[in-house]
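# heads up, no residue letters with this:
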């Protein structure tokens, strides 16, 4: 089993604001804590975590559908992270809810049931995070029908 390493570099700009470098050819991102700690000049660590979950789930769903030559575009995803205090009174991400919305009605897609049963298991980020944080996933079609 082979593995690879992904490296990002952070450099403090001021206070809680950091430049996040992803490597050659990828635009730099500014991350910042919201007030009162930071100035909210970029996404917070929790927002970045939620974005990573949503992006990975969206990629996995798209990849799985395209494997069957299906066109679900345009996909949308909304991820909510519940932040609260743990038993020690420290802030933690207690759970996440991801809702993916297909750009077409369910009946326009073939093999959808099979895809919905498997796509999450291929999502590297979500499966890794779900080992410590509950992640609920819902899929809706373009007409609002809940499919999963």
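Alright, I've got the coordinates. Note that the structure is predicted; figures quoted are calculated from it, not measured.
# quick check: buried residues in the longest helix anywhere in the chain?
Selection of the longest helix in the chain by residue count, based on DSSP state H, yields helix 45-67. When burial is assessed from 16 or more other CB atoms under 10 Å, helix 45-67 yields the following buried residues: 46, 49-50, 52-54, 56-62, 64-65. For the C-beta atoms, the positions are set from N, CA and C on the backbone; glycine is no exception.
# and the angle for whichever helix or strand comes after it with helix 45-67?
Along the chain past helix 45-67, the next helix or strand (assigned with DSSP states H and E) turns out to be strand 76-85. Using axes from the mean of the first three to the mean of the last three CA atoms, to 10 degrees, the direction of strand 76-85 lies 150 degrees away from that of helix 45-67.
# for strand 76-85, enumerate the helices and strands it packs against.
Judged by 3 or more CB pairs under 8 Å, 6 or more residues apart in numbering; DSSP states H and E, the packing partners of strand 76-85 are helix 45-67, strand 91-101.
# rewinding a little: what's the angle between the longest helix of the chain and strand 91-101?
Between helix 45-67 and strand 91-101, the angle comes out at 30 degrees (the same axes, to 10 degrees).
# what packs against helix 45-67?
Packed on helix 45-67, when contacts are counted by 3+ CB pairs under 8 Å, 6+ apart, are strand 76-85, strand 91-101, helix 112-118, helix 124-129, strand 135-140.
# so can I have CSV of these showing distance to residue 3?
What follows is the helices and strands packed on helix 45-67, written out as CSV (distance: least, CB to CB, whole Å):
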stretch, distance to residue 3
strand 76-85, 26
strand 91-101, 25
helix 112-118, 23
helix 124-129, 12
strand 135-140, 23
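# could I get these as CSV with distance to residue 19 and mean neighbour count?
Output for the helices and strands packed on helix 45-67, formatted as CSV (distance: least, CB to CB, whole Å; neighbours: other CB atoms under 10 Å):
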stretch, distance to residue 19, mean neighbour count
strand 76-85, 23, 14
strand 91-101, 23, 17
helix 112-118, 38, 16
helix 124-129, 22, 16
strand 135-140, 29, 18
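# which residues touch residue 76?
With contacts taken as CB atoms under 8 Å, 6 or more residues apart in numbering, residue 76 has the following neighbours: 100, 101, 103.
# now these in TSV, with pLDDT and distance to residue 31?
Converted to TSV, the contacts of residue 76 look like this (pLDDT from 0 to 100; distance: CB to CB, whole Å):
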residue	pLDDT	distance to residue 31
100	98	25
101	98	27
103	98	30
